[in-house]
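> turn this into a structure:
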Amino acid sequence: MLDALYPQGPGEGPREARPILTELNEKQQKLAQLLDRLEESVYQDVAWEELGPCFLRW
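Model (predicted):
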């Protein structure tokens, strides 16, 4: 899904079928860097810690 957000080359057909650009202008570079950081955060390992049961007092 994130790959679809990267700057794509111009052309006919669906956006997903176009190649991802390798030479980017400044705005596109910032977007690519942001997407790279987002991708890293999505695929990080998560350490879960069991805190115990949760109780509510009505």
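
> average pLDDT for stretch 3-20?
Mean pLDDT, computed over stretch 3-20, is 73.

> make that stretch 42-50, sorry
79.

> where's stretch 21-37 relative to the chain centroid, distance-wise?
12 Å (C-alpha atoms, centre = their mean, to the nearest Å).

> tell me the buried residues in it?
A32 (16 or more other C-beta atoms under 10 Å). Heads up, the C-betas are built off the backbone N, CA and C, glycines and all.

> how about it as PDB, C-alpha atoms only?
Output of stretch 21-37 as PDB, limited to C-alpha atoms (Å, rounded to 0.1, in the frame of the first residue of the first chain):
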ATOM      1  CA  LEU A  21      10.700   7.500 -10.000                       C
ATOM      2  CA  THR A  22      14.400   7.400  -9.100                       C
ATOM      3  CA  GLU A  23      15.300  11.000  -9.800                       C
ATOM      4  CA  LEU A  24      13.200  13.200  -7.500                       C
ATOM      5  CA  ASN A  25      12.800  16.900  -7.100                       C
ATOM      6  CA  GLU A  26      13.000  18.400  -3.500                       C
ATOM      7  CA  LYS A  27       9.300  18.000  -2.800                       C
ATOM      8  CA  GLN A  28       9.300  14.400  -4.000                       C
ATOM      9  CA  GLN A  29      12.500  13.600  -1.900                       C
ATOM     10  CA  LYS A  30      10.800  14.800   1.200                       C
ATOM     11  CA  LEU A  31       7.700  12.700   0.500                       C
ATOM     12  CA  ALA A  32       9.900   9.600  -0.200                       C
ATOM     13  CA  GLN A  33      11.800  10.200   3.100                       C
ATOM     14  CA  LEU A  34       8.600  10.500   5.000                       C
ATOM     15  CA  LEU A  35       7.200   7.300   3.400                       C
ATOM     16  CA  ASP A  36      10.500   5.500   4.200                       C
ATOM     17  CA  ARG A  37      10.200   6.500   7.900                       C
END
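
> all set, thanks.
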